[in-house]
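Novice: Can you look at this prediction? I've put the sequence above it.
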Amino acid sequence: MDIFSAIIQGIVQGLTEFLPVSSSGHLAICQHIFGMEDNNLFFSVMLHIGTLAAVLAVYFKLVVKLLKALWELIRDIFTGKFKWSEMSGERNLAIMLIIGLIPLFLLFLPIPGTDMNLKDLAEKFSKDGYFTIVGLALLTTSLLLFLGNRKNKETVKKYQRKGRKPQNAGRRRYNVVDALTVGITQCFAAIFPGISRSGSTLAASQFRGMNKQIALDYSFLLGTPAIVAAAFLEGKDALFPDNGKMTEIEFFPIVIGMFISAIVGFFAIKIFKWLLSADRMNIFIAYTAIAGSIVLIIGVIELFVGVNLFTGKALVF
């Protein structure tokens, strides 16, 4: 992989990881167009590490508070002082993040009749022959964003009728059902490249009546440990395949890609938070619908001709 490719993919990852347009889907599109199919999984994981740095930079103070709250929570549990009904906001958020991560274990369920787990489908669907799935997934993202945005507008109207400020619309604390709903949605997004993790989990929270800014913060924070886990598991598999020999990695392009994705990701978070507060979600709804339609059409044509229209190579399934 050359430096130019690493920079392009770093920009794509940084922008799309946090904007609700699907980083995995756009990386699959980028790799499809440029024919970059070697070691995709490992490089994608490393780019996610770059965007993890962006999350920690934006939410550093909140992350510190959550870690402190979690430590105090564990201490109170062992000393018998813990009371569920008297939890602070930070303790509640810390517990709900842990509960939201539980559904991730579903990704390790085996697929009957194969030697794959559910998580293996993400890599499979990123290949040339499944370009139509990327298009359908982007269209699904558009639909989820539309439904979540409509639900939020209904919540805002209810608050306005009661004489309350629109920006305060929605609940500000998650419960167990909320956390599990968002967690399951995150699993679904992890399987299909093209379904935005941030967009789908935001929509899931809005369906549950959560405040949209609180929902967005929860979505970003929930993705942090998921990224770390993916980096460990997928990175290990990519570096040490079944043959036991370490895969040769071009580290310099990867470092460049990670750095670019971190910088771009930082500003993408800021932009998304601003656009959400300004009720500009229609931008993403329209974009994912258009992008999904184009990808779907190209994918269908490629299935008929049997080759990648951009590289001229035979489709890989």
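Specialist: Arrived safely, thanks for sending. Numbering: from 1, shown residues only.
Novice: Report the mean confidence score over stretch 227-239.
Specialist: Averaging pLDDT along stretch 227-239 yields 70.
Novice: again with stretch 152-167
Specialist: 87.
Novice: buried ones in it?
Specialist: If you call a residue buried by 16 or more other Cβ atoms under 10 Å, then stretch 152-167 has these buried ones: N152, T155, V156, Y159. To be clear about C-beta, it is placed using only N, CA and C from the backbone, and glycine gets the same treatment.
Novice: tell me which of those residues is nearest to F266?
Specialist: Set against F266, the nearest of those by Cβ to Cβ is N152 (25.3 Å).
Novice: Isn't the closest one up against Y159?
Specialist: No - under the criterion of Cβ atoms under 8 Å, N152 makes no contact with Y159, lying 10.7 Å away.
Novice: what is in contact with these two at once?
Specialist: Here N152 and Y159 have A169, G170 as joint contacts, going by Cβ atoms under 8 Å, 6 or more residues apart in numbering.
Novice: Which SSE is immediately downstream of the strand or helix carrying K157?
Specialist: Using DSSP states H and E, K157 sits in helix 131-161. Moving toward the C-terminus from helix 131-161, the next helix or strand (DSSP H and E) is helix 176-191.
Novice: Mind giving me the packing neighbours of that following helix?
Specialist: Packed against helix 176-191, as judged by 3 or more Cβ pairs under 8 Å, 6 or more residues apart in numbering; DSSP states H and E, are the following elements: helix 89-101, helix 120-125, helix 197-207, helix 212-239.
Novice: between it and helix 212-239, how many degrees?
Specialist: 40 degrees (axes from the mean of the first three to the mean of the last three Cα atoms, to 10 degrees).
Novice: what angle sits between helix 176-191 and helix 131-161?
Specialist: 150 degrees.
Novice: and helix 176-191, how far from the chain's centre?
Specialist: 11 Å (Cα atoms, centre = their mean, to the nearest Å).
Novice: Which of the residues in that helix are classified as buried?
Specialist: Buried, per 16+ other Cβ under 10 Å, within helix 176-191: 178-191.
Novice: for the record, mean pLDDT for that helix?
Specialist: 95.
Novice: what does stretch 46-59 give?
Specialist: Here the average pLDDT along stretch 46-59 is 89.
Novice: CA atoms only: put it into CSV for me.
Specialist: The C-alpha trace of stretch 46-59 is given here as CSV (Å, rounded to 0.1, in the frame of the first residue of the first chain):
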residue,chain,number,x,y,z
MET,A,46,-5.7,0.3,12.6
LEU,A,47,-7.7,3.2,11.1
HIS,A,48,-10.3,2.6,13.8
ILE,A,49,-7.6,3.0,16.4
GLY,A,50,-6.8,6.4,14.9
THR,A,51,-10.4,7.5,15.3
LEU,A,52,-10.4,6.1,18.9
ALA,A,53,-7.8,8.8,19.6
ALA,A,54,-10.3,11.4,18.3
VAL,A,55,-13.0,10.2,20.6
LEU,A,56,-10.7,10.3,23.6
ALA,A,57,-9.6,13.9,22.7
VAL,A,58,-13.2,15.2,22.5
TYR,A,59,-14.5,13.3,25.5
